[in-house]
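J.: Sequence first, predicted coordinates after that:
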Amino acid sequence: MLLIFPLNDKPDWRHPPWITMLLILANVLVYFGPQSRDENAADTAASFYLRSPLPRLELPRYAEYLRARGDRDSRLWAERIDTALAKGRFEGPYALMRRDQRFLARLRAGQVLRPDEPGYAQWREQRLRYDAIRGTPFTERWASNPADWNPVTAVTSVFLHGGVAHLLGNMLFLFVFGYTVEKTLGGRRYLAFYLLAGIGGALCDLAVRWGSHSIGLGASGAISGLMAMYVVLYGRRPIKFFYQLLFYFDYVTAPAIILLPAWIAHEIFQQWFGDEGVAYMAHAGGLVTGAMLTAWHKHKHPETQVPASEPPSDPGMEELARAEALVKQLKIDEARDAFARLAATRPRDSRVVSQYFNLARLAPASEDFHRAAALMFALNDTDAPTSALIHEGFSTYVKTAKPAARLTSEDLARLALRFGREGHSADAARLARMLLGRTPGHAALPGVLLAAANALRRQGSVERAEDLSRELRERFPHSAEARLAAAPGRD
């Protein structure tokens, strides 16, 4: 996993990024509007289909149709359908068949089951009932379908998403990169480049998956193009960014343009070795399209400049630069000591604290490791990079610290509240139990128990959530948190 967030600019709300905000609004309205109605109709139709005689009548014919196409992928899918049907499993073959518009057109035209065949009348009646329930799905109509492609979907698929997490992740990146690119390029050119990057991503995905029965949707290709626009605009200018690669995370300042080949290489690698359900080549196509468009724009308009970042005024920046230089020279002990001194004077600087922690973790039995962990757990920032930093740091610390992790009651309370808010329900509940056993009268304990219970409930662990809520009501019956825990519809 590669995650990168630039930290070089902030939105200017005196001149809001209107196009970025409208793009976000359009994506949200489409998902919670026609797409949400699609989901309800699809669930009802699927339930009817799987209970009806249709799977036994249609799915074997679909496997025959795929085999007759002759290509390797179709034969492979036919074998998978045969295996599923032999085991009485209809869900997977049904999901595949209902996206194959060519086969469905032949089916509805009477070219698959013919009127002179036994069972035709029953099939016809059940198929008409199913089609009435299913309707015409908005998502499938406007998503990119490599097996039955419509050029219009190269644009429309950019505004569709496969779930709430997919939507929220894309909209976060759209905002983070969008407001700087919009301010630099201007609204109209920014919108045009965004849509062209989306088209480039859709075409690249189409080229790789031509004939596939899996639809493509999402703003990821356009947003990848937006990320490429950002780094090409900054070029060799240094930017500060947070990154996470697998389990390692840090802040670094480096020339922006180095991110482009790193991103493209990551997408190509994931295309070969990653999750088959993600359109990595759409990301790569968006990156290349966005980079080419922006490079062309800079060639035509060499006066284009990204907004200047405010120069650092902190006198400790030189000391920080020296400490980072020691890391690059692999002088680990000296670097750790330098970051320990910096952390003593800058205990709220997440960049300094994270570097100190990453160096101290190399000696898990050292006092530095315990001190660095304590500083990390005391950070108050709630932004996504710092939250990820603290949760990953906590997991590392409790697993590797020797002879054992040192967590004060204040650490337990602070981390349990943070993890409860951020959805790390198991860790929040664990810390709440530890605080309850160590300091049963702690002032923050009612809030900690409530936060952990709510987090568990949101994750579906209702029984464990009720145990914590019961503990809260019994130990702190007169607290506001106990009243909230007892209220109907609580969360």
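T.: Cool, got the structure.
J.: What are the buried residues along stretch 34-49?
T.: Applying a neighbour-count criterion of 16 or more other C-beta atoms under 10 Å, one finds Gln35, Asp38, Ala42, Ala45, Ala46, Phe48, Tyr49 buried in stretch 34-49. From N, CA and C alone the C-beta is placed, and that goes for glycine too.
J.: For the first one, give me its contacts.
T.: It refers to Gln35. Phe138, Thr139, Leu160, His161 (C-beta atoms under 8 Å, 6 or more residues apart in numbering).
J.: nearest residue to the last one other than its sequence neighbours?
T.: Of all residues beyond its chain neighbours, the one nearest His161 is Leu167 (4.2 Å), with distances taken as C-beta to C-beta, 6 or more residues apart in numbering.
J.: okay, now the one you found: neighbour count?
T.: Using other C-beta atoms under 10 Å, Leu167 is surrounded by 21 other residues.
J.: Repeat that for Glu463.
T.: Other residues close to Glu463 by other C-beta under 10 Å number 8.
J.: Is it correct that it falls within a strand?
T.: No: under the criterion used here (DSSP: H, G, I helix; E, B strand; the rest coil), Glu463 is helix, not part of a strand.
J.: and the residue of the chain positioned farthest from its centre, which of the three is it?
T.: Farthest-out residue of the chain from its mean C-alpha position, per C-alpha atoms, centre = their mean: Asp116, at 51.3 Å. Following three-state DSSP, the label given to Asp116 is coil.
J.: Got the phi and psi for the nearest residue to Asp368 once chain neighbours are set aside?
T.: Nearest residue to Asp368 in three dimensions, chain neighbours excluded: Ala360, at 4.0 Å (C-beta to C-beta, 6+ apart). Per-residue torsions, Ala360: phi -70, psi -30 (degrees, to the nearest 10).
J.: for the stretch 51-200 of the chain, what are the low-confidence residue spans?
T.: 136 (pLDDT under 70).
J.: For Gly216, give me its contacts.
T.: Gly216 neighbours (C-beta under 8 Å, 6+ apart): Ala143, Ser144, Asn145, Pro146, Ser157, Ala202, Asp205, Leu206, Arg209, Ala279, Ala282.
J.: just to revisit the earlier point, just give me the neighbour total for the residue nearest to Asp368.
T.: What Ala360 shows, counting by other C-beta under 10 Å, is a neighbour count of 24.
J.: Does it touch Ala372 like I think?
T.: Yes: under the criterion of C-beta atoms under 8 Å, Ala360 makes contact with Ala372 at 4.1 Å.
J.: will you turn the contacts of Gln35 into a markdown table that also has neighbour count and distance to Leu59?
T.: Putting the contacts of Gln35 into a markdown table (neighbours: other C-beta atoms under 10 Å; distance: C-beta to C-beta, whole Å) gives the following:
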| residue | neighbour count | distance to Leu59 |
| --- | --- | --- |
| Phe138 | 18 | 25 |
| Thr139 | 20 | 22 |
| Leu160 | 26 | 27 |
| His161 | 24 | 29 |
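J.: tell me the domain boundaries of the protein?
T.: 2-18+151-300, 28-139, 312-380, 407-491 (automatic domain parsing).
J.: centre of the chain versus the first one, how much separation?
T.: Read it as domain 2-18+151-300. Averaging C-alpha positions (C-alpha atoms, centre = their mean, to the nearest Å) puts domain 2-18+151-300 13 Å from its chain's average.
J.: now the buried residues of stretch 34-49 as CSV including pLDDT, secondary structure and distance to Val231?
T.: Output for those, formatted as CSV (pLDDT from 0 to 100; DSSP: H, G, I helix; E, B strand; the rest coil; distance: C-beta to C-beta, whole Å):
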residue, pLDDT, secondary structure, distance to Val231
Gln35, 86, helix, 31
Asp38, 76, helix, 36
Ala42, 80, helix, 39
Ala45, 89, helix, 44
Ala46, 91, helix, 43
Phe48, 93, helix, 49
Tyr49, 93, helix, 47
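J.: Relative to Tyr190, which of the residues you listed is nearest.
T.: Using C-beta to C-beta, Gln35 comes nearest to Tyr190 of the buried residues of stretch 34-49, at 25.1 Å.
J.: From Phe369, how far off is that closest one?
T.: Gln35 sits 48 Å away from Phe369, going by C-beta to C-beta, to the nearest Å.
J.: At which residues are the strands of the stretch 1-150 of the chain located?
T.: 2-6 (DSSP state E, counting those that start in this stretch).
J.: and the residue nearest to Asp368, what is it in contact with?
T.: Arg336, Ala340, Ser366, Asp368, Phe369, Arg371, Ala372, Ala373.
J.: From Phe369, how far off is it?
T.: 4 Å.
J.: Please convert the buried residues of stretch 34-49 to a markdown table, extending it with distance to Arg236.
T.: Converted to a markdown table, these look like this (distance: C-beta to C-beta, whole Å):
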| residue | distance to Arg236 |
| --- | --- |
| Gln35 | 41 |
| Asp38 | 46 |
| Ala42 | 49 |
| Ala45 | 54 |
| Ala46 | 53 |
| Phe48 | 60 |
| Tyr49 | 57 |
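J.: where do the contact lists of Ala360 and Ala372 overlap?
T.: Joint contacts of Ala360 and Ala372 (C-beta under 8 Å, 6+ apart) are Ala340.
J.: Quick check: Leu415 touching Phe394?
T.: Yes: between Leu415 and Phe394 there is a contact under C-beta under 8 Å: 6.2 Å.
J.: Give me the common contacts of the two.
T.: Phe377, Asp427.
J.: if we can go back for a sec, keep only those of the contacts of Gly216 that are in helices.
T.: Ala202, Asp205, Leu206, Ala282 (DSSP state H).
J.: quick revisit: may I ask which two of the contacts of Gln35 are separated the most?
T.: Of all the pairs that those form, the one spanning the most space (C-beta to C-beta) is Phe138 and His161, at 12.3 Å.
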